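Engineer: no sequence on this one, just coordinates:
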C-alpha cells in the first residue's frame, strides 16, 4: 500500500462513504490488534535470533515520532492532523520485518503497514531490495444503526503493495536510490491501483558542528492513482545531536503538476526518538 517516512483522514468523500467489508466499531478491537502485532514481532525476533548455526548479525531498531501533521507518501492518504508514528525494523542482514503503525494523537488508528523486505544484492556500493506488505487505512463513516439513526463507525480499507528499490552509495554520507512501488486495493474503494516512481538521494550525518548533524533526503516522484496522475517533489530533514536519541525532523512536499486533487504544499514538524540495537548469534555462545 502506498503510504509513508504524510475532514478526519483527509480522504476524498467518495472513499469515506464507500462500503467496506471490515468494520471496526470499537477502538478496543484495534488495541487488541496492535498488541497481537507486538507479540508477533517479539516471537519473530526470537526465532530469527535462534536460527542458523553460523554467526549472524540481527537488529531491532526504529523511530517513534510525534508530529503536528500526519503526512503520507501518497498525499490523498495523509491524516491532516497531529499524529504519532511507530516505524520499526526487525531482522537480519538480508530479511527484515518493518511494521509501521500510525495513530492520531487521540488514539484513533490511522494506518497499519506490515512490510517484509529482502536484500537481493548487498554490496559495498550497490544494493537492491524487494518488499511487499498488506496494509490497512482506517476511516470514519456514518452508517445506519438499523433504527434509522446514522452513527459513526470506523472502517478499514485494505491494500496490498510491492516494491523494488536499487541504490548506489557514493560515500558513507551520500547515496542515490530509485523506487518503484505498486499497490492494489483489496476491497470496493476508488483507489483500485496506485503506482509510485521516485528518484531520490540521501545526505546523512552532515556535520553542523562537532556535536550536531544534519540529514536530508530530497526526491522527485511520479504518482498515478487509477486514471489520474501527477508529479511531485518532497524532502525530509532531520537535525540532531550526536549520541543523543531525540532529534527534530520535518517533511515538505510540493505539487508540481497534478490531476490528483491535493494541496500545493504540505509540511510538518516532528519530534523523533530513535533506537538501534544490534545482536549477534554465535554457533558457540560466549558464556
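Structural biologist: Noted; the coordinates are in hand. What you see is a predicted model, and the numbers here were worked out from it, not measured in a lab.
Engineer: point out where the stretch 51-200 of the chain drops to low pLDDT.
Structural biologist: Low-confidence segments of the stretch 51-200 of the chain, defined by pLDDT under 70, span residues 51-55, 188-192.
Engineer: contact partners of stretch 206-223?
Structural biologist: With Cβ atoms under 8 Å, 6 or more residues apart in numbering as the test, stretch 206-223 has contacts from 2, 74-75, 173, 179, 194-205, 229-242, 258, 260. C-beta here means a position set from N, CA and C on the backbone, and glycine is covered the same way.
Engineer: rerun that using 7 Å as the cut-off
Structural biologist: Contacts made with stretch 206-223 from outside it, assessed by Cβ atoms under 7 Å, 6 or more residues apart in numbering, are listed as 74, 173, 196-205, 229-242, 260.
Engineer: I'd like to know how many residues surround residue 153.
Structural biologist: 17 (other Cβ atoms under 10 Å).
Engineer: am I right that it is in a strand?
Structural biologist: Yes. Assessed by DSSP: H, G, I helix; E, B strand; the rest coil, residue 153 belongs to a strand.
Engineer: any idea how far it is from residue 140?
Structural biologist: Here residue 153 is placed at a distance of 7 Å from residue 140 (Cβ to Cβ, to the nearest Å).
Engineer: who's residue 156 bridged to?
Structural biologist: When assigned by DSSP bridges, residue 156 has beta-bridge partners residue 138.
Engineer: so it touches residue 138, yeah?
Structural biologist: Yes. Under the criterion of Cβ atoms under 7 Å, residue 156 is in contact with residue 138, at a separation of 5.4 Å.
Engineer: mind giving me the PyMOL command for buried ones among the contacts of stretch 206-223?
Structural biologist: In PyMOL, this line selects whichever of those come out buried by 16 or more other Cβ atoms under 10 Å:
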select buried, resi 74+196+198+200+201+202+230+232+234+235+236+237+238+240+260
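Engineer: in strands, which of the contacts of stretch 206-223 appear?
Structural biologist: 196-205, 229-241 (DSSP state E).
Engineer: residue 110: neighbouring residues, count only.
Structural biologist: Using other Cβ under 10 Å as the criterion, residue 110 is surrounded by 24 other residues.
Engineer: in this structure, which residue sits furthest out from the middle?
Structural biologist: Centroid-distance maximum for the chain: residue 147 at 39.5 Å, with Cα atoms, centre = their mean.
Engineer: for it, list the residues it contacts.
Structural biologist: Taking Cβ under 7 Å, 6+ apart as the criterion, residue 147 is in contact with no other residue.
Engineer: what does residue 102 give?
Structural biologist: Taking Cβ under 7 Å, 6+ apart, we find residue 102 in contact with 70, 83, 85, 110-111.
Engineer: wait, a strand at it?
Structural biologist: Yes. Inclusion of residue 102 in a strand is indicated when three-state DSSP is applied.
Engineer: that one and residue 212: what is the separation?
Structural biologist: Distance of residue 102 to residue 212, computed by Cβ to Cβ: 28 Å.
Engineer: residue 168 is in contact with residue 125, correct?
Structural biologist: Yes. In this structure, residue 125 is within contact of residue 168 by Cβ under 7 Å, at 6.0 Å.
Engineer: those two: which is more packed in?
Structural biologist: With neighbours defined as other Cβ under 10 Å, residue 125 and residue 168 compare such that residue 168 has more, 14 against 10.
Engineer: if I look at that one, how far off is residue 201?
Structural biologist: Distance from residue 168 to residue 201, by Cβ to Cβ: 10 Å.
Engineer: what touches both of these two?
Structural biologist: With contacts defined as Cβ under 7 Å, 6+ apart, the residues shared by residue 168 and residue 201 are 175-176.
Engineer: so which strand or helix has the spatially closest residue to residue 100 that is not a sequence neighbour?
Structural biologist: Taking Cβ to Cβ, 6 or more residues apart in numbering, and ignoring the residues beside it in sequence, residue 100 has residue 113 as its nearest neighbour in space, at 4.2 Å. Here residue 113 is covered by strand 109-122, with elements defined by DSSP states H and E.
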